[in-house]
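sequence? don't have it. structure:
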C-alpha cells in the first residue's frame, strides 16, 4: 500500500484525539474500520505508530517522526490546493473544458452519468476513477484530482469532506436484498429482515457507516449476522447465484440471470446518492447540469428495475390511499 494524504490525515486525527474511539467519531468511521486502516498504514511504514493503553493512545518514536513530517506536509499541500483552486477559478491559463473527471463508487448511476455526458458533449473526454472508498473519492475531489464525486451515504449520515465540498442529494433509495432465483423467498414481493436471520450475507466494502447500520438493523430484527462476505460486485453476484449467501444492494441494482432483487419490509436501510464538487473550482459552474444528468441516469436505472418499479408503485398507492382516507 502506498502512503496517501488521507493516511496522514488519519494519523494526525488519532494523535489529536488521543484515542481511536474519539478519532473514529471525528472522522465519521466505525472504530473497527479505523483500527484496520491504522494497521494497514503501520504495515506500510514498517512499524507501530501508536501505543494503545487504557487512557488512550500515545505516539511511538516512529509515530512522532511521522507526525513531525505530517505537520509540515499537510499545511503545505492545503496551501497548494487553495492556490491551485484560486488560479483555476480565475480562468488563468484555462481554455474550453476538454475533460470531465468523475469519481464514484460502483453502481448504475456512474455508468449512466458517463453515458449522458458523452452524449451531451461529444467533444469532451470523460475520465472515471472508481473505488470502494467513499472517503478516497471525496478527498480526490477536494484536492482537485477529480471534478465531481458520485458516492452514497447511509441514512442521514454526513458525507465525507463536508467542510470542503458542496454536496447535492441526487436520490434516496431503499436497500434491497438479492436472492438466488430458486431461494424460497424469491417468489415473495418482499421479505422481513428477520426471515433471513439464518443466511450468510455478501456486500461490497465501504468506509462509511453502512456496515454498522446493517448490524443495528439486524439486532432490531432479533439476530446477529452469522457471516458477511465483503468482496467485489461480481463476486457478490456469484455468491448469491450459487446460493452461498444473500446480498445487500441499492434498489436500482440490475437483476441478472439466476438472481432476483427484493425489497425488505419497512425499508430498514436507506441509501442516499450524492454528488459533490469543490465550490471554488471550475466544476462548480457546471454542477447544476451534472446533477441533472445524474438524476436522469438514476431515473433510467430505476425504470429498468422491475422490483423497484413495483415497490415505487405500491408505495405511491399506499400514500394515495392514506391521503384519501385523511380527506374523508
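Noted; the coordinates are in hand. As the structure is a prediction and not an experimental result, all values here were calculated from the model. Residues are numbered from 1 along each chain as shown.

list the buried ones in stretch 48-55?
Applying a neighbour-count criterion of 16 or more other C-beta atoms under 10 Å, one finds 49, 50 buried in stretch 48-55. Yep, even glycine has a C-beta here, placed from its N, CA and C like the rest.

next one: stretch 157-166
For stretch 157-166, by 16+ other C-beta under 10 Å, it's 159, 160, 161, 164, 165, 166.

show me which pair in those is furthest apart.
160 and 166 (13.1 Å; C-beta to C-beta).

and stretch 291-300, how far from the chain's centre?
Stretch 291-300 has its C-alpha centroid displaced from the chain centroid by 17 Å (C-alpha atoms, centre = their mean, to the nearest Å).

what's the average pLDDT for that stretch?
In this model, stretch 291-300 has an average pLDDT of 94.

give me the contacts around it.
For stretch 291-300, contacts defined as C-beta atoms under 8 Å, 6 or more residues apart in numbering pick out 108-109, 111-113, 115-117, 120, 150, 168, 170-171, 252, 273, 275.

ok, then the element right after the longest helix anywhere in the chain?
Ordering each helix of the chain by length in residues (DSSP state H) puts helix 61-90 first. Once the chain leaves helix 61-90, the next helix or strand it forms, by DSSP states H and E, is strand 99-104.

partners of the lengthiest strand in the chain in the sheet?
What stands out as the longest strand in the chain, according to DSSP state E, is strand 166-180. Strand 166-180 pairs in its sheet with strand 246-250 (antiparallel), strand 259-263 (antiparallel), strand 270-277 (antiparallel), by DSSP bridges.

contacting residues for the spatially closest residue to residue 222 that is not a sequence neighbour?
Nearest residue to residue 222, sequence neighbours excluded (C-beta to C-beta, 6 or more residues apart in numbering): residue 194, at 5.6 Å. Contact analysis of residue 194 by C-beta under 8 Å, 6+ apart lists 221, 222, 223.

for the last one, which non-adjacent residue is closest in space?
Right, the one you point to is residue 223. Using C-beta to C-beta, 6+ apart, the closest residue to residue 223 is residue 197 (3.8 Å).

and for residue 33?
residue 207 (5.8 Å).

quick check, that neighbour in a helix?
No: under DSSP: H, G, I helix; E, B strand; the rest coil, residue 207 falls outside any helix and is assigned coil.

now it. Its backbone dihedrals?
phi -110, psi 20 (degrees, to the nearest 10).

quick one: it and residue 138 touch, right?
No: applying C-beta atoms under 8 Å, one finds residue 207 not in contact with residue 138, separated by 10.3 Å.

now do the same contact list for residue 116.
293, 296, 297.

looking at it, residue 104 is touching residue 136, isn't it?
No: under the criterion of C-beta under 8 Å, residue 104 makes no contact with residue 136, lying 11.0 Å away.

who has more neighbours, these two?
residue 104 (25 against 18; other C-beta atoms under 10 Å).

for the more buried one, what are its contacts?
Applying C-beta under 8 Å, 6+ apart to residue 104 gives the contacts 110, 113, 128, 129, 130, 137, 149, 150, 151.

among those, the buried ones, what's the ChimeraX command?
In ChimeraX, this line selects whichever of those come out buried by 16+ other C-beta under 10 Å:
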select :110,113,137,149,150,151
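
relative to residue 62, which of the contacts of residue 104 is nearest.
Distance to residue 62 across the contacts of residue 104 (C-beta to C-beta) is lowest for residue 137, with 29.6 Å.

list the contacts of the residue lying closest to the closest one once chain neighbours are set aside.
Spatially, and ignoring its direct neighbours in sequence, residue 137 is nearest to residue 103 (4.2 Å; C-beta to C-beta, 6+ apart). With contact set as C-beta under 8 Å, 6+ apart, residue 103 has these partners: 128, 129, 130, 131, 137, 140, 141, 146, 148, 149, 150.

over to residue 188?
The contact partners of residue 188, taken as C-beta under 8 Å, 6+ apart, are residue 262.

and the buried residues of stretch 157-166, which is closest to residue 37?
residue 160 (13.4 Å).

just the pLDDT for the closest one.
pLDDT at residue 160 comes out at 89.

before we move on, back to that, among the contacts of residue 104, name the ones in helices.
Applying DSSP H to the contacts of residue 104, the entries found in helices are 110, 113, 137.

how close does the second one get to residue 290?
Counting by C-beta to C-beta, to the nearest Å, the gap from residue 113 to residue 290 is 7 Å.

list of residues touching the helix or strand harbouring residue 218?
Element membership for residue 218 (DSSP H and E) is helix 210-220. Residues outside helix 210-220 that contact it (C-beta under 8 Å, 6+ apart): 30, 33, 154-155, 193, 197, 203, 224-225, 228, 248, 268-269, 271.
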